[in-house]
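Asker: build me a model:
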Amino acid sequence: MAQPENDTAARFLPLHTTWPALRRAAAGCTACDLYRNATRAVFGEGSRQARLMLIGEQPGDAEDRVGHPFVGASGMLLDKALREAGIRREEAYVTNVVKHFKWTPRGKRRIHSKPNAREIRACRPWLDAELALVKPEVLVCLGATAAQALLGSAFRVSRERGRFVASPLAPHVLATMHPSSVLRSPDEAARHAAYAQLVADLVPVARVLAPG
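Answerer: Numbering: from 1, shown residues only. Below you'll find the predicted structure:
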């Protein structure tokens, strides 16, 4: 049976909001139907005192299998881009707007499927709890889904990418492409250009985080 349209993860939030309690509660979330086909909920990870929070769309196939965010090909590309921009992944908290992998079968493969507004809305209380605990100084939205979920449906990464925008979510908020979109570039030249732009978008973040 499908979940009610107005159901959200709010009813699963623990009374006392701690990291262990949140993780345990998220593992049992059924606020939308995505849990039915996912292996597990993939909660955010990283430094609890992180000044930087990186938010993507949803866990992918690799993340769903192992239970950790940004560990697949796009995660490795993100790590490389962060290093080149002068940011250590170990100093960041990484998470996703949606905590379950949404996919469609294609032969033996599980192909990513974009979460809809209902699924994003249902999952939002988990993200709000993460933001409240981390209190990041810098928030980076990776891709259009994360950017529009947090900054409004009218936000366009293509127009605003790499620039800080005003938001109550954090003192410094910026959007850029999701690393997976770099990997989906049609050829090597396009991938090289997209990757270079991703690194360039992260450089302002590194400047804010730089000591002194």
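Asker: and the helices in this protein?
Answerer: In the chain, the helices defined using DSSP state H lie at 19-27, 61-66, 73-85, 117-134, 144-151, 157-160, 179-183, 188-209.
Asker: from Asn6, how far off is the spatially most central residue of the chain?
Answerer: In the chain, the centroid-proximal residue (Cα atoms, centre = their mean) is Gly56; its distance is 2.1 Å. Distance, Gly56 to Asn6, by Cβ to Cβ, to the nearest Å: 26 Å. Glycine gets a C-beta too; all of them are placed from N, C-alpha and C.
Asker: ok, now which ones touch the residue nearest to the centre of the chain?
Answerer: Counting by Cβ atoms under 8 Å, 6 or more residues apart in numbering, Gly56 makes contact with 69-70, 74, 94-97, 142-143, 146, 178.
Asker: just put those in TSV and tack on distance to Phe43 and pLDDT.
Answerer: TSV is the format used below for the contacts of Gly56 (distance: Cβ to Cβ, whole Å; pLDDT from 0 to 100):
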residue	distance to Phe43	pLDDT
Pro69	8	97
Phe70	12	96
Ser74	18	95
Val94	10	98
Thr95	7	98
Asn96	9	98
Val97	12	98
Leu142	17	98
Gly143	19	97
Ala146	16	98
His178	19	97
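Asker: between those residues, which has the most around it?
Answerer: Counting neighbours by other Cβ atoms under 10 Å, Asn96 leads those with 29 neighbours.
Asker: pLDDT below threshold where in this structure?
Answerer: Residue ranges of the chain with pLDDT under 70: 1-5, 212.
Asker: how close does the residue nearest to Leu13 when sequence neighbours are not counted get to Asp33?
Answerer: Nearest residue to Leu13, sequence neighbours excluded (Cβ to Cβ, 6 or more residues apart in numbering): Pro125, at 5.8 Å. Separation of Pro125 from Asp33 (Cβ to Cβ): 17 Å.
Asker: ends of stretch 172-184, how far apart?
Answerer: 28 Å (Cα to Cα, to the nearest Å).
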